[in-house]
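*Asks:* for reference, the sequence and a predicted model appear below.
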Amino acid sequence: MGPQHARVATPLRLYAIRIKGRLGATALSAFPSMVSECTGGDTVLTGLLDDSAALFGVIAQIEALGLDLLEVRCVRGKNRNEHDDIAG
């Protein structure tokens, strides 16, 4: 029998993704797993993502819709004090 590889569980990370402008219901429907909030004229999408592939999927959807990505921030990851800016 060959070696067995245990899949290492990675913790979900909570991301806040800021998009320029206020998104309407149609645009928001492209992000069903995210919660939206309008702040300062921009829309912030917040949600738990499984891994970097899921994050890049959300970013690709933003790009496909022609939206302006302003910021991606990991607000909770491996430890409570982790704050990583990815784009800004």
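*Replies:* In hand now; what should we look at?
*Asks:* what are the buried residues along the helix of greatest length in the chain?
*Replies:* Counting residues, the longest helix found in the chain (DSSP state H) is helix 52-64. Buried residues in helix 52-64, defined by neighbour count with 16 or more other CB atoms under 10 Å: 54-55, 58-59, 62. (C-beta placed from N, C-alpha, C; glycine too.)
*Asks:* avg pLDDT for that helix?
*Replies:* For helix 52-64, mean pLDDT is 96.
*Asks:* give me the contacts around that helix.
*Replies:* 13, 15, 17, 19, 30-31, 34, 45, 49, 69, 72, 86 (CB atoms under 8 Å, 6 or more residues apart in numbering).
*Asks:* got the buried residues for stretch 20-31?
*Replies:* Under the neighbour-count criterion of 16+ other CB under 10 Å, stretch 20-31 has 23, 27, 31 buried.
*Asks:* next one: stretch 30-39
*Replies:* Quick answer for stretch 30-39 (16+ other CB under 10 Å): 31, 34, 36.
*Asks:* cool, stretch 35-51 as well?
*Replies:* Quick answer for stretch 35-51 (16+ other CB under 10 Å): 36, 42-45, 47, 49.
*Asks:* including pLDDT, could those residues go into a markdown table?
*Replies:* Shown next, in a markdown table, are these (pLDDT from 0 to 100):
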| residue | pLDDT |
| --- | --- |
| 36 | 97 |
| 42 | 98 |
| 43 | 98 |
| 44 | 98 |
| 45 | 98 |
| 47 | 96 |
| 49 | 94 |
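*Asks:* in this protein, which helix or strand is least confident?
*Replies:* Lowest on mean pLDDT, DSSP states H and E among the helices and strands of the chain sits strand 84-87, with a mean of 51.
*Asks:* so which residues of this structure form helices?
*Replies:* Using DSSP H, helices in the chain cover 25-28, 52-64.
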